[in-house]
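Student: Let me see the structure of the following:
(3 chains)
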Amino acid sequence: MNKKKRIQRPKTAIKITNPTKPIKKSTTSTTIIVKPNPKSKSRAKPSSHFLENDEGLPTTSYSSNYLEKNSILSPDFYQIDALDLAPRLLGKHLKKDDVILQITEVEAYRPNDSACHGRFGITARTAPVFGPGGHAYVYLCYGLHTMLNVVADKEGIGAAVLIRSCAPVSGLETIQRRRNLISEKPVLLTGPGKIGQALGISKEWSNHPLFVPGGLELLDGPEPEEILVGPRVGIEYASPEHVNALWRFAIAGSPWISAPKNTLRPP
DNA sequence: GAAAAGATTAAA
DNA sequence: TTAATCTTTTCC
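Tutor: Take a look at the predicted model:
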């Protein structure tokens, strides 16, 4: 039998840049401590949901207060066409453990869509996609990356929304540890594989109900002012009609958007 | 049973 | 630009 060559990634690839001096943990609040970055050429615009304190550093005070008034979304929210649900997910919050992420970029996958995992019908992997909306659909991509989808529409339809990017709201320390990356820049959370990693989920979470408190939850959030649309990413195998469909959505002006950005336009 | 391909990422 | 990595699905 062929050798089972599992070349392990060198430890040097792990990018914990400051392991001996962990970021200070705040036990009394959810304030995010960040390092100033004086070398930054084009100073990144702080994302809109962060407030800045006197030192110009983002805090989560706004988000914490905001979320206290917000509730978990009910199953009704999800029982619509994935094309309608996708933009409505922008601005909403994913919560697990102490991590809260605000959704900034999504893609819709629909029935009769040659790019949708449901295109082969119900299989062991894709069964949750055909269940009622409001559940997670989680799968492994390229044998490495855990992809989180939100199942849309009614039972039997077969539609879902891929979460492609988020902005951190709280639990930055946990996010950074899970990502093996100390950063507060978009590289931390732009890309679907990074979302699954930051949330600490595996395919075991597939079919998990997002409307039940206690595990992985979807909470309400502010509606974005402007939205960008574009073709979906990485589906060249699909028919031209579906390759070209503008079923990718993002919050306009947010830095928390994955590549390629230049295919996104106002609707 | 075997083989191909994949809703990607990080590093060169 | 390319390697890494392995599950799922299809094909014979």
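Student: correct me, but A:A86 touches A:E107?
Tutor: Yes - the pair A:A86 and A:E107 qualifies as a contact (Cβ atoms under 8 Å) at a distance of 6.8 Å. From N, CA and C alone the C-beta is placed, and that goes for glycine too.
Student: A:Y137 belongs to a strand?
Tutor: Yes - with DSSP: H, G, I helix; E, B strand; the rest coil as the criterion, A:Y137 is assigned to a strand.
Student: do you know how far it is from A:V161?
Tutor: In this structure, A:Y137 and A:V161 are separated by 9 Å, where distance is defined by Cβ to Cβ, to the nearest Å.
Student: related to what we said a few turns ago, find the residues that touch each one of A:A86 and A:E107.
Tutor: When contacts are counted by Cβ atoms under 8 Å, 6 or more residues apart in numbering, A:A86 and A:E107 have A:V161, A:W247, A:F249 as shared neighbours.
Student: Generate a markdown table for these, with distance to DNA strand B and pLDDT as supplementary columns.
Tutor: Shown next, in a markdown table, are the shared contacts of A:A86 and A:E107 (distance: Cβ to the nearest atom of the strand, whole Å; pLDDT from 0 to 100):
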| residue | distance to DNA strand B | pLDDT |
| --- | --- | --- |
| A:V161 | 7 | 98 |
| A:W247 | 11 | 98 |
| A:F249 | 13 | 98 |
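Student: who wins for neighbours among the residues you listed?
Tutor: Neighbour counts for the shared contacts of A:A86 and A:E107 peak at A:V161, which has 29 neighbours (criterion: other Cβ atoms under 10 Å).
Student: Next, that residue: secondary structure please.
Tutor: Here A:V161 is recorded as strand under three-state DSSP.
Student: hang on, isn't it packed against A:R110?
Tutor: No - counting by Cβ under 8 Å, A:V161 stays clear of A:R110, with 9.6 Å between them.
Student: Next, count neighbours for the residue of the stretch 1-150 of chain A found nearest DNA strand C.
Tutor: Of the residues in the stretch 1-150 of chain A, the one nearest DNA strand C is A:G143, at a distance of 2.3 Å by Cβ to the nearest atom of the strand. Counted with other Cβ under 10 Å, residues neighbouring A:G143 total 5.
Student: ok but it is inside a helix, no?
Tutor: No - applying three-state DSSP, one finds A:G143 to be coil, outside a helix.
Student: sorry, back to before: name the residues contacting each of A:V161 and A:R110.
Tutor: Any residue near both A:V161 and A:R110 by Cβ under 8 Å, 6+ apart counts here, and that gives A:A82.
Student: picking that back up, which of A:A86 and A:E107 has more neighbours?
Tutor: The residue with the greater number of neighbours, taking A:A86 and A:E107 and applying other Cβ under 10 Å, is A:A86; the counts read 29 against 25.
Student: do you know how far A:G131 is from DNA strand B?
Tutor: Counting by Cβ to the nearest atom of the strand, to the nearest Å, the separation of A:G131 from DNA strand B is 14 Å.
Student: which residues touch that residue?
Tutor: Contacts for A:G131 were tallied using Cβ under 8 Å, 6+ apart; they are A:V151, A:E155, A:N207.
Student: again, but for A:T146
Tutor: The neighbourhood of A:T146, defined by Cβ under 8 Å, 6+ apart, consists of A:V138, A:Y139, A:L140, A:G193, A:G196, A:Q197, A:I201, A:S202, A:K203.
Student: partner strands of whichever strand or helix holds it, parallel or antiparallel?
Tutor: Mapping A:T146 onto the secondary structure by DSSP states H and E places it in strand A:145-152. For strand A:145-152, the paired strands and their directions (DSSP bridges) are strand A:136-141 (antiparallel), strand A:159-170 (antiparallel).
Student: Could you see whether DNA strand B lies near that strand?
Tutor: Yes - Strand A:145-152 comes into contact with DNA strand B (Cβ under 7 Å from any atom of the strand), by way of A:H145, A:M147, A:N149.
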